[in-house]
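Enquirer: Build the 3D model from these lines:
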Amino acid sequence: MKQYFDEIALHTKGRGLYDVTSKIIDWVDKQEIQDGLLTLLIQHTSASLLVNENYDSDVQTDLESFFSRLVKDGDSLFTHTIEGDDDMPAHIRTALTQTNLSIPTKNKKMLLGQWQGIYIFEHRYNEFDRKVKIHLIGE
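Expert: Next up, the predicted model:
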């Protein structure tokens, strides 16, 4: 059994979904593992990881619209606002989504569905450098 670790860095330019599928596909293809399990972990509390549709960009727009309605920026309910009106809403968005993903691989390919992609879901308005740790284990 072999395993590999790495990191993908991405500079986000504000709230939204950022497709990192191709970066991860390229990385998996370069490893010496045919079949295994890929684990992704974003090391942030105001951004998350999603597997979602990568065909129609309306899905991304609708996800953002839904989360904006669900968790309002600047809500007087929140006391944790040290970094601005989007600070606590970003933490709640992260709590409602995922910070890690596990994806099986076979023949050096992630076993994603035809229309599935992997996204960093940035929950803050400002620009950030986000890091996703990658771990692949298998044979």
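Enquirer: what about the helices in this protein?
Expert: Listed in chain order, the helices of the chain (DSSP state H) span 21-30, 58-70, 87-96.
Enquirer: which strands and helices sit next to the first one?
Expert: Yep, that's helix 21-30 we're talking about. Applying 3 or more CB pairs under 8 Å, 6 or more residues apart in numbering; DSSP states H and E, one finds that helix 21-30 contacts strand 2-13, strand 36-42, strand 109-110, strand 116-122, strand 127-138. From N, CA and C alone the C-beta is placed, and that goes for glycine too.
Enquirer: Looking at the ones you listed, which is nearest to Lys30?
Expert: Nearest to Lys30 among the helices and strands packed on helix 21-30 is strand 2-13 (9.0 Å), distances taken as CB to CB.
Enquirer: Run me through the strand neighbours of the closest one, direction for each.
Expert: Applying DSSP bridges, strand 2-13 is found paired with strand 127-138 (antiparallel).
Enquirer: pLDDT on the strand it pairs with, on average?
Expert: Average pLDDT, strand 127-138: 98.
Enquirer: Give the buried residues for that strand.
Expert: Buried residues in strand 127-138, counted by 16 or more other CB atoms under 10 Å: 128, 130, 132, 134-136, 138.
Enquirer: Stretch 14-28 now?
Expert: Within stretch 14-28, the residues scored as buried using 16+ other CB under 10 Å are 15-20, 24-25, 27-28.
Enquirer: How about residues contacting it?
Expert: By CB atoms under 8 Å, 6 or more residues apart in numbering, the residues outside stretch 14-28 that reach it are 6, 8, 10, 12, 38, 40, 50, 52, 54, 60, 63-64, 86, 105, 108-110, 112, 117-127, 132, 134, 136.
Enquirer: Now distance to Asp73 too, for the buried residues of strand 127-138, in TSV please.
Expert: Formatted as TSV, these follow (distance: CB to CB, whole Å):
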residue	distance to Asp73
Phe128	16
Arg130	20
Val132	25
Ile134	31
His135	34
Leu136	37
Gly138	42
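Enquirer: Which members of the residues you listed are the farthest-apart pair?
Expert: Across those (CB to CB), the longest gap, 31.5 Å, separates Phe128 and Gly138.
Enquirer: Lovely, talk soon.
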